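Novice: got a predicted model here, sequence first, then my questions.
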There are 2 protein chains.
Amino acid sequence: MSESKVLSVEDLQTSEAKWVKLKKCTWRDPDGKERPWEFATRPTRGSGGVDAVAILAILRSESNAFPPSTIIIEQFRPPVERYVVELPAGLIDEGESAEGAAIRELEEETGFKASSVIQTSPLLVCDPGMTNANMKLVTVDVPFPEKLEMPAQKLEPGEYITARIVELSKLAAEFKGLSSIGFVVDARLSHMASGFELAERLRQAKP
Amino acid sequence: MSESKVLSVEDLQTSEAKWVKLKKCTWRDPDGKERPWEFATRPTRGSGGVDAVAILAILRSESNAFPPSTIIIEQFRPPVERYVVELPAGLIDEGESAEGAAIRELEEETGFKASSVIQTSPLLVCDPGMTNANMKLVTVDVPFPEKLEMPAQKLEPGEYITARIVELSKLAAEFKGLSSIGFVVDARLSHMASGFELAERLRQAKP
């Protein structure tokens, strides 16, 4: 296995693209003025209206054998030419629910089987000034009677994903370390770690 | 002032686009196989290499007059045809630092002047399967000797932004309410609230 690498980049016309398209809309602002806006879209969105899910798996010991943890993945992402640290995630298949896609993708990318869905977020938008991409975050419960064991992944051909277990309270520190050695972290996952860290900092600062 | 609305949407060719472009790269996978990948990019990125900043403003009372809070914004986003709840954010001007852009955008969009920068995140990627968009999250300190007062915004012409103060510990509940009345929440901000909520839930569940 060798290092993944981008060899060349060229302009692509919308008429030749299969996975992402450019659109231009005309919108009316609150003063009644008509304005243009350019953005990118995925032509793959199914009738459910949601492009993708990300999965926050709560790995939890029923016997307090280990602290609450989660699983993150690392994969080479050609658009940014870097190995990116992300939550497990994937596009929703036609006719599939967000929860169904979450359980399927978690097992494919990490091998873990969720025992139940804790909560599903409302619809979220990923970068709404630039694209119409949307998603839901599905939080699932992965309980362990005893110690934590890493199952085998079930990757499809052409998927190269490394899965890593991290304690929730150490995510933010982990990301600082990974960033310093050349990885880049997905903004959504990083914001989650920032929120977790902030709650702990404010609690410690309380008089 | 009337409701913002998208009037029409059409295909856009990369050669005619100004704010977003499509690219196609060839990358080499770990098995040595060459593969294509399509993605969108912003042609506006400056020499600093970072497209944008988001600002997490910690609004904090020096006399314990109010709980730690932050400021979020609401604006119509044509790509998703909805009013979106986000952190204050903006593109970085050529020659500007992430911290400089954060302090400037916070004041423009909300009126608040940061007294200092608490931390700047490493480089983050926004949606790395679909675009090469990147950003930094800048956390700033906005202290108040006494009670919290909402300053006047300094919006540019064509900017229609509503700013709202929310207690940090109530963000997740606030988003559930806003989603139920037709707003959509930015995934990064929502993940931050999820991380905050998760830390508090785990603390309460501790034996």
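Specialist: Perfect, I can see it now.

Novice: does any bit of stretch A:119-135 sit next to chain B?
Specialist: Yes - applying CB under 8 Å from any CB of the partner chain, one finds that stretch A:119-135 is in contact with chain B at A:121-135. C-betas here are computed from N, CA, C, even on glycine.

Novice: mind listing the strands for chain A?
Specialist: A:5-11, A:21-28, A:34-41, A:52-61, A:69-77, A:82-86, A:89-91, A:116-120, A:124-125, A:134-144, A:162-167, A:184-186 (DSSP state E).

Novice: turn those into CSV, columns for distance to B:Leu12 and mean pLDDT.
Specialist: Listed next are the strands of chain A as CSV, based on distance: least, CB to CB, whole Å; pLDDT from 0 to 100:
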stretch, distance to B:Leu12, mean pLDDT
strand A:5-11, 13, 97
strand A:21-28, 4, 97
strand A:34-41, 6, 97
strand A:52-61, 23, 97
strand A:69-77, 24, 97
strand A:82-86, 27, 97
strand A:89-91, 23, 95
strand A:116-120, 33, 97
strand A:124-125, 20, 98
strand A:134-144, 20, 97
strand A:162-167, 37, 95
strand A:184-186, 27, 98
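
Novice: with distance to B:Asn64 and mean neighbour count as extra columns, can I get those in JSON lines?
Specialist: As requested, these are arranged in JSON lines below (distance: least, CB to CB, whole Å; neighbours: other CB atoms under 10 Å in any protein chain shown):
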{"stretch": "strand A:5-11", "distance to B:Asn64": "52", "mean neighbour count": "13"}
{"stretch": "strand A:21-28", "distance to B:Asn64": "44", "mean neighbour count": "19"}
{"stretch": "strand A:34-41", "distance to B:Asn64": "44", "mean neighbour count": "19"}
{"stretch": "strand A:52-61", "distance to B:Asn64": "33", "mean neighbour count": "23"}
{"stretch": "strand A:69-77", "distance to B:Asn64": "34", "mean neighbour count": "21"}
{"stretch": "strand A:82-86", "distance to B:Asn64": "37", "mean neighbour count": "21"}
{"stretch": "strand A:89-91", "distance to B:Asn64": "40", "mean neighbour count": "19"}
{"stretch": "strand A:116-120", "distance to B:Asn64": "32", "mean neighbour count": "14"}
{"stretch": "strand A:124-125", "distance to B:Asn64": "34", "mean neighbour count": "26"}
{"stretch": "strand A:134-144", "distance to B:Asn64": "33", "mean neighbour count": "20"}
{"stretch": "strand A:162-167", "distance to B:Asn64": "32", "mean neighbour count": "16"}
{"stretch": "strand A:184-186", "distance to B:Asn64": "34", "mean neighbour count": "26"}
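
Novice: ok, the residue of chain A at minimum distance from chain B to A:Arg28 distance?
Specialist: Per CB to the nearest CB, A:Gly195 is where chain A lies closest to chain B, at 3.0 Å. Counting by CB to CB, to the nearest Å, the gap from A:Gly195 to A:Arg28 is 35 Å.

Novice: what's near enough to touch A:Lys136?
Specialist: Shown in contact with A:Lys136 (CB atoms under 8 Å, 6 or more residues apart in numbering or on different chains): A:Val50, A:Val53, A:Ala54, A:Ala98, A:Thr120, A:Ser121, A:Pro122, A:Leu123, A:Leu124.

Novice: check A:Thr110 too.
Specialist: A:Ala57, A:Ile71, A:Ile73, A:Pro88, A:Pro151, A:Gln153, A:Ala163.

Novice: so which of those reach chain B?
Specialist: Applying CB under 8 Å from any CB to the contacts of A:Thr110, none is adjacent to chain B.

Novice: and which of these is nearest to A:Val9?
Specialist: A:Ile73 (24.5 Å; CB to CB).

Novice: wait, isn't that closest one in contact with A:Ile165?
Specialist: No - counting by CB atoms under 8 Å, A:Ile73 does not reach A:Ile165; the two are 10.9 Å apart.
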